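Novice: Dropping a prediction and its sequence here:
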Amino acid sequence: MLSWLDANLVSILNGVAIGFLLFILAIGLSLIFGMMDVLNLGHGALFLAGGYLAWAVGGSDPGWGGFLAAIALAAVAGLVCGGALAGMVEPLRRRGHLDQALLTLGVALVVAELLAMLFGRDVRAVNPPPGLDRTVLVLGEPYPVYRLVLIAAGAGLAVVTHLVVERTTVGALVRATVADREMVSAIGVDNRRVRFAVLGLGSLAAAVAGVLGAPIYGARPGLDATVLILALVVVVIGGLGSVRGALIGALLIGQIESLGRALLADAASFILFGALAIVLIVRPQGLFAGPGARS
Amino acid sequence: MIAPPVHTGRYLGGAAVVFLAAAPLFLAPYATTTLTRMLVFALLAASLDLLVGVTGLPSLGHAAYFGVGAYAAAWFTKNVTATGPVPVLVALAAGAATAAATGWVAVRTHGVFFLMLTLAIGEIVAQAAETWEPVTGGSNGLYGVPSTRIAGSPLDVAGLYWYVLAVFLAGFLVLWLVSRSPFGAALRGIRDNEPRMRALGYATRPYKFVAFVIAGAVAGLAGGLLAAQQRLVTPADLGFTTAALALLAVIIGGAGSLWGPCLGAALVIVVRDVVGPDLGGHGPLLLGLVFILVVYLLPRGAAGLRPPGRRPVREEASRI
């Protein structure tokens, strides 16, 4: 057992790092869908835009200034894009959520193509900022510091999100909107403002995750679809609108993506599908969907 | 949806078939090749329409079955025989088998969850194509597929066109017959009001599953034609973009009519392969913009996608 752990420690840690990155993406996707019924298929494109932003601002060897500036820029850009997306979705609100999903799909295709025009088809690799580009020994194995920092940051963010959603008034509003939107607007909450805020903040998280993920994934055409699918699988497994579900789903998918690929390279895709199928059969609404969540 | 009177439709359909059959006689070889591509993509779009427009299941993973069919036909042509129509029948079987293996999970959900799940399934199949290198050739794909042979000799441009046209008509006929049958009527019932169909005693899940498998089989058939036409199959053929373009073709053409999506597919191919190169290879950008415009401006085109319960009040009242 210990020797097995030793041999696969790097894969397991990689899985945790990917898992926390996916959590940041999936929590936005999950809350946007849970609170406003919009399946935002543009989420992956925002992640990719964040990755390219990291490369464009800081270059392939960013200093701390460049890296932090990229994060700040990505936050602002994500907020603006999310607000714009909310504005575009608004006229379709009475047309059912499939039309809205199709609209975000069109936006995703346009954004991905624009990014390919701006940055070309090559992989844009980004190194971690100075000080984090080293490796340290973890149980005798060298491991990149940046990924450990990412794990810590992701864990911190998960705790903060959990506290905000479970313990604050804003969080209560979020949970209430997921459970029963009509009732929330009936007690006098401005639904439109909630929608703009949710899409804005969710998109902010996606773009920032793109910057944070750049030193791991780089930025390349097609990455948007890859991460969008993983985030969708996380949301389906974890249950819509649930922070705990998104976290556990993300960590599970992270392990499948990393440890699964390391141990059974050919079968990883099938494991991913298998996990999805099993969850859907046992609990069609996802592992942690609240009693109010509709399927 | 207002259907044209039966006779007009029949004459128009007949005229279209005559035109399509005679096309290589007066078209340049390049135009014939473009028309061949259109027919391949039109069959994919029509098979997707059986799901989207007739059954009300919007799939974003339909390219998976198209791609599986294409890989199966390409592999079979390279390694076993190039004699038509054997490779496309293998493609049909492969599409049906893959749809059966994945569809039973997909049809457990509906609406936007179905969209999510099919998207995930499609991408997982595409990843499998990229990683299963000994069979699929990895990211290079399967290349050097020999020409399809009929009666011992390889097909030329016009011959290939007629071969594709014949298979297209056969596939379209299957979809049309399914859609017109009592089974098709039950599928429309499921699209319009699934709880009521269940209350009437229909086991809706098996119906949706069979529709899914038929659509997957015909998509596989279209994939077999793709392998015959392109003689190259890459992971991009079963990727997200192909699936999105097929859905776009259905929505432009008007979901539920089967022939409308074929016209939508022709438009998509024109933008991607004919206009696209003039735009510096940025056809997808134009298609994305078309997609956005269609969603805003042609709500009727997406009519079959609307979930029950959000229909106009008039329709709601007539149901009670």
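Specialist: In hand now; what should we look at?

Novice: by contact count, what packs against the longest helix anywhere in chain A?
Specialist: Longest helix in chain A by number of residues (criterion: DSSP state H): helix A:2-36. Contact partners of helix A:2-36 among helices and strands, from 3 or more Cβ pairs under 8 Å, 6 or more residues apart in numbering or on different chains; DSSP states H and E: helix A:43-58, strand A:141-144, helix A:145-167, helix A:169-179, helix A:191-217, helix A:223-238, helix A:243-255, helix A:261-263. For glycine as for every other residue, the C-beta is placed from the backbone atoms N, C-alpha and C.

Novice: just the helices in the stretch 201-320 of chain B please.
Specialist: Secondary structure of the stretch 201-320 of chain B (DSSP state H, counting those that start in this stretch): helices located at B:204-230, B:240-253, B:259-269, B:283-297, B:313-319.

Novice: can you list the residues of the stretch 101-250 of chain A near chain B?
Specialist: A:101-103, A:105-110, A:112-114, A:117, A:222, A:225-226, A:228-229, A:232-233, A:235-236 (Cβ under 8 Å from any Cβ of the partner chain).

Novice: For whatever helix or strand A:Ala74 lives in, which helices and strands make contact with it?
Specialist: Following DSSP states H and E, one finds A:Ala74 within helix A:64-89. If contacts are counted by 3+ Cβ pairs under 8 Å, 6+ apart, helix A:64-89 sits against helix A:43-58, helix A:97-119, helix A:191-217.

Novice: what about 10 Å?
Specialist: helix A:2-36, helix A:43-58, helix A:97-119, helix A:191-217, helix B:283-297 (3 or more Cβ pairs under 10 Å, 6 or more residues apart in numbering or on different chains; DSSP states H and E).

Novice: Looking at the ones you listed, which is nearest to B:Arg231?
Specialist: helix B:283-297 (21.7 Å; Cβ to Cβ).

Novice: Give the buried residues for that closest one.
Specialist: Counting neighbours by 16 or more other Cβ atoms under 10 Å in any protein chain shown, one finds that the buried residues in helix B:283-297 are B:Gly283, B:Pro284, B:Leu285, B:Leu286, B:Leu287, B:Gly288, B:Val290, B:Phe291, B:Ile292, B:Val294, B:Val295.

Novice: tell me, which of those residues make contact with chain A?
Specialist: The overlap between the buried residues of helix B:283-297 and the neighbours of chain A (Cβ under 10 Å from any Cβ of the partner chain) comes to B:Gly283, B:Pro284, B:Leu285, B:Leu286, B:Leu287, B:Gly288, B:Val290, B:Phe291, B:Ile292, B:Val294, B:Val295.

Novice: What is the burial count for residue 262?
Specialist: With no chain named, the answer covers chain A. 16 (other Cβ atoms under 10 Å in any protein chain shown).

Novice: my bad, chain B
Specialist: B:Cys262: 24 surrounding residues under other Cβ under 10 Å.

Novice: Which residue ranges of chain B form strands?
Specialist: Listed in chain order, the strands of chain B (DSSP state E) span B:149-150, B:153-154.

Novice: nearest to A:Gly50, of those strands?
Specialist: So among these, strand B:153-154 is nearest, using Cβ to Cβ, at 50.0 Å.

Novice: re earlier: just the helices and strands packed on helix A:64-89: most buried one?
Specialist: For these, the largest average neighbour count (mean count of other Cβ atoms under 10 Å in any protein chain shown) is found in helix A:43-58, namely a mean of 27.

Novice: so what does it touch, helix or strand wise?
Specialist: Under the contact rule (3+ Cβ pairs under 10 Å, 6+ apart), helix A:43-58 is packed against helix A:2-36, helix A:64-89, helix A:97-119, helix A:191-217, helix A:223-238.

Novice: With mean pLDDT added, can I get these in a markdown table?
Specialist: Compiled in a markdown table, these are given as follows (pLDDT from 0 to 100):
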| stretch | mean pLDDT |
| --- | --- |
| helix A:2-36 | 85 |
| helix A:64-89 | 90 |
| helix A:97-119 | 86 |
| helix A:191-217 | 87 |
| helix A:223-238 | 86 |
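
Novice: Excluding sequence neighbours, find me the nearest residue to residue 248.
Specialist: Just going to use chain A. In this structure, A:Ile248 finds its nearest non-sequential neighbour in A:Gly238, 6.1 Å apart by Cβ to Cβ, 6 or more residues apart in numbering or on different chains.

Novice: switch to chain B, that's the one I care about
Specialist: Nearest one to B:Leu248, counting by Cβ to Cβ, 6+ apart, is B:Phe291 at 5.2 Å.

Novice: Please apply the same query to B:Ala228.
Specialist: B:Thr148 (4.7 Å).

Novice: what are the phi and psi values for that neighbour?
Specialist: phi -70, psi 140 (degrees, to the nearest 10).

Novice: contacting residues around it?
Specialist: B:Thr148 makes contact with B:73, B:77, B:81-88, B:154-155, B:159-160, B:163-164, B:224-225, B:227-229, B:231, according to Cβ atoms under 10 Å, 6 or more residues apart in numbering or on different chains.

Novice: For A:Val138, see how far away it is.
Specialist: Distance of B:Thr148 to A:Val138, given as Cβ to Cβ, to the nearest Å: 57 Å.

Novice: Likewise for B:Gly159?
Specialist: Taking Cβ to Cβ, one finds B:Gly159 at 64 Å from A:Val138.

Novice: same question, B:Thr204
Specialist: Look at B:Thr204 and A:Val138: by Cβ to Cβ, they are 52 Å apart.

Novice: Likewise for B:Leu221?
Specialist: Using Cβ to Cβ, B:Leu221 is found at 53 Å from A:Val138.

Novice: more crowded one of the two?
Specialist: Between B:Leu221 and A:Val138, counting by other Cβ under 10 Å, B:Leu221 is the more crowded of the two (32 against 13).

Novice: ok, that one - contacts?
Specialist: Neighbour list for B:Leu221: B:40, B:43-44, B:47, B:65-66, B:69, B:73, B:85, B:88-89, B:91-96, B:167-168, B:170-171, B:174 [criterion: Cβ under 10 Å, 6+ apart].

Novice: buried set for stretch B:95-111?
Specialist: By 16+ other Cβ under 10 Å, the buried positions in stretch B:95-111 come out as B:95-99, B:102-111.

Novice: quick check, it touching chain A?
Specialist: Yes. Using Cβ under 10 Å from any Cβ, we find that stretch B:95-111 touches chain A at B:Ala101, B:Thr102, B:Trp104, B:Val105, B:Ala106, B:Arg108, B:Thr109, B:His110, B:Gly111.

Novice: Walking through the stretch 1-150 of chain B, point out its helices one by one.
Specialist: Under DSSP H, counting those that start in this stretch, the stretch 1-150 of chain B gives helices at B:6-26, B:29-49, B:63-79, B:86-106, B:112-131, B:133-136.

Novice: for B:Arg37, what are its contacts?
Specialist: B:Val164, B:Leu225, B:Leu226, B:Gln229, B:Gln230, B:Ala265, B:Ala266, B:Ile269, B:Val270, B:Arg272, B:Asp273, B:Val274.

Novice: For A:Gly96, grab phi and psi.
Specialist: phi 90, psi 150.

Novice: what residues does the stretch 51-200 of chain B put near chain A?
Specialist: B:52, B:56, B:58, B:60-61, B:101-102, B:104-106, B:108-117, B:119-134.

Novice: most surrounded residue in the contacts of B:Arg37?
Specialist: B:Leu225 leads those on contacts (other Cβ under 10 Å) with 32 neighbours.

Novice: Please list all residues in contact with the nearest residue to that residue once chain neighbours are set aside.
Specialist: Using Cβ to Cβ, 6+ apart and skipping the chain neighbours, the partner closest in space to B:Leu225 is B:Val40 (4.6 Å). Residues near B:Val40 by Cβ under 10 Å, 6+ apart: B:66, B:70, B:164, B:167-168, B:221-230, B:265, B:269.

Novice: A:Gly28 versus B:Val40, what's the distance?
Specialist: 38 Å.

Novice: can you check B:Arg191 too?
Specialist: As judged by Cβ to Cβ, B:Arg191 and A:Gly28 stand 31 Å apart.

Novice: From one end of stretch B:231-243 to the other, what's the distance?
Specialist: 20 Å (Cα to Cα, to the nearest Å).
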